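Undergrad: sequence unavailable; structure follows:
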Ligand SMILES: Cc1ncc(COP(=O)(O)O)c(C=O)c1O
C-alpha cells in the first residue's frame, strides 16, 4: 500500500496555514533560551518558578541515579514500584492535603486514564469548552455521554446537570487555570452546583500547582476545597520543573486507579531520578514562597506594560497572558517578528485554540529579570508599529 496520504495530509495542513515544526533548544531551560543557536528571552515556557534548571533538582536526580540506577525496569504493578515512587506519593498527599496520591507518567496519561476509569456507559461528563486536549480525549475514551458547557458558564453547567439527572454518575471536569487563556474556573461555585446535583468534581491543576495557594499546592488548596472535590490532578513538568503527573484524592480513588486505570497499569514506571526531582521541587515550592511573589510581580509588570502599549489581552489571572490576534497567519507573523528581535512568545493556533482566536501565549517566570522584561516591552513596542494593536479579526 502506498503512503501518498502522508504528503497529501501535510499539504492540507500547509495550505490551511497550520503547519507546525519543532524548534531546537540548545542549552537549558531558563528565562533565556538558546534557540537555533541564538539567545532569546523566553516567554513561552511553563517553567513558571524557574525550577527546570535548579541545582537542587539536578543534585537530587544525580543522587537517585547513584543509589537506585537509571530505569524502573517494569510497570508499577510488576517490579517497577520503587522506594522513591511511594516517597513521592506520600509527599504529594501531604502537599495536597489528601488521603493519598498516585504518580502518573504524564498529565496526558493521567487525564485519559482518570476519565475512562471513573466514568463509562450510562454516565455523564460535564466538561468546560476550553478544557485541554487530554481531557477531551479522556471523555471520548470513557464512552460516557459528554456535555460540553460554555467556558466557565455556571448557568450552562447547571442546565447540563439537570439534563443529566438520570445518568448513573455525573462528573464535572474543569481545569482550575486554563492553559491557553490563563483565566481561573469559578471553582467554589462549581463545587456548590456539584453538591446540589449530586455530581463529582475532577480538577486539572496543571497550571495551578506550584503557583497558587499559600504553600503552592494549587487553586483547590487556596480555596480550601480539597475535601469537596473527588480528584485533583496536576503535572510535575510545569511549575515543578521536572516531568510526570499526579492524582491526589482518597485512598479508594488511588486503589481503584491502580486496579483499573489502563494508562497507569500498562506502562513502565517513571525512573527514580524523575521522582527525586519532584521531591526536591516540592521542598522548594513549599519553602520558597518568594518565588511565587517574584512570579506575580513579573506577571504584573508584563501585563501592565503590554496593556499600556495598547495590546488586547485576555482576562488572565495567572502567569499565562494571552495576547489576542485572531487570524492564525497574522498571529504567527507577529510571533516571528518578535523572535527576529530576540523575544520568544509562541503563537497558538487551531486546533489548540478555537478558530479565529489565535493568540500569543506569553508566560512569565519568577526568574525573569527587570532588564529582560523591559527589553521585551521595548521589542513589543517596536513591532506594534508594524502590527497595530487592533489585531482581532
Ligand atoms: C491543562 C493541562 N492538562 C494536562 C496537560 C498534560 O500534561 P503533560 O504535559 O504532563 O502530559 C497539559 C499540558 O501539557 C495541560 O496544559
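TA: Noted; the coordinates are in hand. Quick caveat: nothing in here was measured; it's all calculated off a predicted structure.
Undergrad: where does the stretch 201-350 of the chain come near the ligand, residue by residue?
TA: By CB under 6 Å from any ligand atom, the part of the stretch 201-350 of the chain that sits against the ligand consists of 204, 206, 235, 237, 245. Glycine gets a C-beta too; all of them are placed from N, C-alpha and C.
Undergrad: tell me how far the fourth one lies from residue 40.
TA: Applying CB to CB, to the nearest Å, one obtains 21 Å for the distance of residue 237 from residue 40.
Undergrad: for the residue in the stretch 51-200 of the chain that the ligand sits nearest to, what are its contacts?
TA: Distances between the stretch 51-200 of the chain and the ligand by CB to the nearest ligand atom are smallest at residue 107, namely 2.2 Å. Residue 107 sits next to 132, 134, 204, 206, 233-235, 237, 245 when contact means CB atoms under 8 Å, 6 or more residues apart in numbering.
Undergrad: swap in residue 361?
TA: Applying CB under 8 Å, 6+ apart as the definition, the contact partners of residue 361 turn out to be 44, 180, 320-322, 345-348.
Undergrad: and residue 144, by the same measure?
TA: 115, 119-125, 167, 171.
Undergrad: equivalent analysis for residue 238, please.
TA: With CB under 8 Å, 6+ apart as the criterion, the residues that contact residue 238 are 46-48, 206-207, 209-210.
Undergrad: between the residues you listed, which sits nearest residue 294?
TA: Distance ranking of the contacts of residue 238 against residue 294, using CB to CB, places residue 48 first at 10.2 Å.
Undergrad: could you find the closest non-adjacent residue to the closest one?
TA: What sits nearest to residue 48 in space, not counting adjacent residues and going by CB to CB, 6 or more residues apart in numbering, is residue 239, at 4.4 Å.
Undergrad: if I pick whatever residue of the stretch 251-393 of the chain ends up closest to the ligand, what's in contact with it?
TA: Taking CB to the nearest ligand atom, the ligand has its nearest neighbour within the stretch 251-393 of the chain at residue 320, 9.4 Å off. Neighbouring residues of residue 320 by CB under 8 Å, 6+ apart: 177-182, 207, 361-363.
Undergrad: at 10 Å instead, please
TA: If a contact means CB atoms under 10 Å, 6 or more residues apart in numbering, then residue 320 has 46, 48, 177-183, 207, 211, 299, 314, 361-364 as its contacts.
Undergrad: what's the answer for residue 190, then?
TA: Remark: with contacts taken as CB under 10 Å, 6+ apart, residue 190 is in contact with 126, 128, 152, 154, 157, 172-174, 176, 199, 201, 203, 225, 228-229.
Undergrad: for residue 246, see how far away the closest residue to residue 97 other than its chain neighbours is.
TA: Counting by CB to CB, 6+ apart, residue 226 is the residue found nearest to residue 97 once chain neighbours are left out, at 4.5 Å. Summarising the geometry, the distance separating residue 226 from residue 246, computed by CB to CB, is 14 Å.
Undergrad: same question, residue 157
TA: Counting by CB to CB, the separation of residue 157 from residue 246 is 26 Å.
Undergrad: quick one, longest helix in this protein?
TA: helix 289-308 (DSSP state H).
Undergrad: residue 268 bridge partners, please.
TA: Applying DSSP bridges to residue 268 yields these beta-bridge partners: residue 75.
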